[in-house]
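Student: Give me a 3D structure for the following:
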Amino acid sequence: MHTVKELLREKGSEVWTIAPKVTVYEALELMATKNIGALVVVERGDVVGIFTERDYARKVILKGRSSKTTTVSELMVTDVLYVSPDDTIENCMALMTEKRLRHLPVMHNGQLAGIVSIGDIVRVIISDREFTIRELEHYITGGHSSRA
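Tutor: So this is what the prediction gives:
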């Protein structure tokens, strides 16, 4: 069973953050430059929210707001759900599915330690399944592959 710690070791623990008073436009520029779908909102070293592409689509575009005058703090989700490095990938998938989330910050001893996305989780699960299939095929064939 894989843990978040193992996932972060593979993908890296870099997290892009933004201040709450930055405009949504600036946040979107950063997200586009880094090719990411979410920014953790940090103020004085504390996680105060998360801002995602979904927040932009639903709270700016659909409500006729301007991304150049609206701040991240006006749109960010403040009730941030997070996981710890010791959480399992399966627990992350369950939480993301239940709460309909695409990104989970990783907190360790009160500090931001990384972020995992639904894409990260799906990649690990698929890789595990492929490994299991190969091992089962190897077991069934006795380690021999059939050749036609």
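
Student: CA only for contacts and neighbour counts going forward, please
Tutor: Noted.

Student: Now the residue positioned nearest the centre of the chain: closest residue in space that isn't a chain neighbour?
Tutor: In the chain, the residue lying closest to the centroid (CA atoms, centre = their mean) is Ser117, at 2.3 Å. Leaving out its chain neighbours, the residue that sits closest to Ser117 by CA to CA, 6 or more residues apart in numbering is His103, at 4.4 Å.

Student: Helices along this structure, start to end?
Tutor: 4-11, 24-34, 53-56, 72-75, 89-99, 118-141 (DSSP state H).

Student: Ok, which of these comes nearest Val42?
Tutor: For Val42, the closest of the helices of the chain is helix 72-75, at 10.3 Å, according to CA to CA.

Student: Render the CA-only coordinates of that closest one in CSV, please.
Tutor: Taking Å, rounded to 0.1, in the frame of the first residue of the first chain, the C-alpha atoms of helix 72-75 are listed here in CSV:
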residue,chain,number,x,y,z
VAL,A,72,-7.9,35.3,-4.7
SER,A,73,-9.3,35.7,-1.1
GLU,A,74,-12.7,36.5,-2.5
LEU,A,75,-12.9,33.1,-4.3
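
Student: and the closest residue to Val47 other than its chain neighbours, what does it touch?
Tutor: The shortest distance from Val47 to any non-neighbouring residue, by CA to CA, 6+ apart, is to Val41 (5.9 Å). Val41 is in contact with 17-20, 47-51, 76, counting by CA atoms under 8 Å, 6 or more residues apart in numbering.

Student: What number of residues are in the vicinity of the spatially closest residue to Thr3 that is not a sequence neighbour?
Tutor: Spatial nearest neighbour of Thr3, excluding adjacent residues (CA to CA, 6+ apart): Thr88 at 4.2 Å. Per other CA atoms under 10 Å, the neighbour tally for Thr88 reads 18.

Student: now do Arg100
Tutor: Here the number of neighbours of Arg100 (other CA under 10 Å) works out to 10.

Student: Met107 too?
Tutor: Each residue near Met107 was counted by other CA under 10 Å, and the total is 17.

Student: All set, thanks.
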